[in-house]
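# quick one: sequence and predicted model below, then my questions.
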Amino acid sequence: MTTTADRPVVTTPPQDQSEKVRVHRTKPRVFSVGLPLAVYLLFTLVPFYWMIVFAFRPAGSNSMLPWPITLDHFDTVWNTLGFSFFFKNSLIVAGLSLVLTTFVALATGYALARFKFRAKIPLVMALLCSQFVPGAMLLIPLFQVFREMGLVNNLFGLIVADTVFQLPLAAMLMAGFISQIPVELEEAAMVDGCSRLKAFRIIMLPLLRPGLIAVGSFAFIGSWNNFLFGLMFISSQDKFTLPVGLSYTIGSYNVDFGVLAAGGLIAAVPVVAVFAVIQKYLVQGLSAGAVKG
């Protein structure tokens, strides 16, 4: 008679626990992450696809694909409608607005993050409350001020308006980013003989690069896409920016979708290219500036 102790013990190979956890986690992620992203991409990319189709397919075609490809719409937009001037004006306005907004936001953010003064809390509250005011409510007072200063129908006036409108958010973002850098780094540099300005230039500016890129990106895209100020403050066609020029491709009784789509692609390509290059620094700047110091 055989006993239980005499029976051979059959052992099963141990199952990899990490594999079980990986399988368990992969299935829910398909529905919790993959499906929402697919729906989001569907609603986001389909309009861009149709814009590309209308821009590259011949006029009067009903094809679902941009074939045969034609560049007639781009030639009309660039040479006939004057988009070459609109593009240059938008570059000037957006570029100078980027420089002014970043410079003033850097100084304001540094003061808010490093110094204590009586008006600090009221200033922060004013900056935050200014974000609740729609840009349309500023049109009449800004127009009155610009008319007295001779800045109506002037690209510099448009630059000032864009800078003023974007400065509060840029200053708060920059203050949040500066507060994440230990003040001891500046103090150590000043102990070694640096002035505050030199310590800021040597120590702070290299560390602030992601924040500067984030603030500058928002300033550039905000100014590049600003339609309202360009429409109200500019009256000469040779000073139009791209958003205003695009609005004039829409007639009273008909719309040339090919020309409109070509102009939209011309306006979108520079911004997409810039964000594709700086996306790494943009995410770093936003994540750091959003943390309370």
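Ah, there it is. Numbers count the residues shown, from 1 in each chain.
# which residues does the residue nearest the centre of the chain contact?
Among the residues of the chain, the one closest to the centroid is Phe218, at 4.2 Å (C-alpha atoms, centre = their mean). Phe218 sits next to Gln166, Leu169, Ala170, Leu173 when contact means C-beta atoms under 8 Å, 6 or more residues apart in numbering. The C-beta positions use only the backbone N, C-alpha and C, and glycine is treated the same way.
# okay, and the third one sits in which element?
When you say that, I think you mean Ala170. When elements are assigned from DSSP states H and E, Ala170 belongs to helix 155-178.
# which parts of that helix are buried?
155, 157-178 (16 or more other C-beta atoms under 10 Å).
# just stretch 220-239 next, same as before
For stretch 220-239, by 16+ other C-beta under 10 Å, it's 220-226, 228-230, 232-234, 239.
# quick one: terminal-to-terminal distance for that stretch?
18 Å (C-alpha to C-alpha, to the nearest Å).
# for stretch 174-185, same thing?
Stretch 174-185 has its terminal residues 18 Å apart, counting by C-alpha to C-alpha.
# same question, stretch 114-133
28 Å.
# with stretch 146-158 instead?
10 Å.
# name the nearest of the buried residues of stretch 220-239 relative to Ser84.
Proximity of the buried residues of stretch 220-239 to Ser84 (C-beta to C-beta) peaks at Lys239, which lies at 13.4 Å.
# please report how far the closest one lies from Phe85.
8 Å (C-beta to C-beta, to the nearest Å).
# again with Ala214
On the measure of C-beta to C-beta, Ala214 and Phe85 end up 31 Å apart.
# more neighbours: which of those two?
Ala214 (25 against 16; other C-beta atoms under 10 Å).
# what score does that one have for pLDDT?
We have a pLDDT of 84 for Ala214.
# then the one 4 residues further on?
What the model reports for Phe218 is a pLDDT of 85.
# for Glu19, same thing?
52.
# can you give me the helices in this protein?
Using DSSP state H, the helices found in the chain span residues 17-29, 35-56, 72-75, 83-114, 120-129, 139-149, 155-178, 183-191, 196-199, 205-207, 209-224, 228-233, 242-247, 257-289.
# tell me which of these sits nearest to Pro66.
helix 35-56 (3.7 Å).
# that closest one to helix 257-289, inter-axis angle?
140 degrees (axes from the mean of the first three to the mean of the last three C-alpha atoms, to 10 degrees).
# so which bits of helix 35-56 are buried?
Buried, per 16+ other C-beta under 10 Å, within helix 35-56: Met51, Ile52, Val53, Phe54, Ala55, Phe56.
# give me the low-pLDDT residue ranges for this protein?
Within the chain, the segments meeting pLDDT under 70 span 1-31, 252-253, 281-293.
# before I go, just wanted to say thanks for your time.
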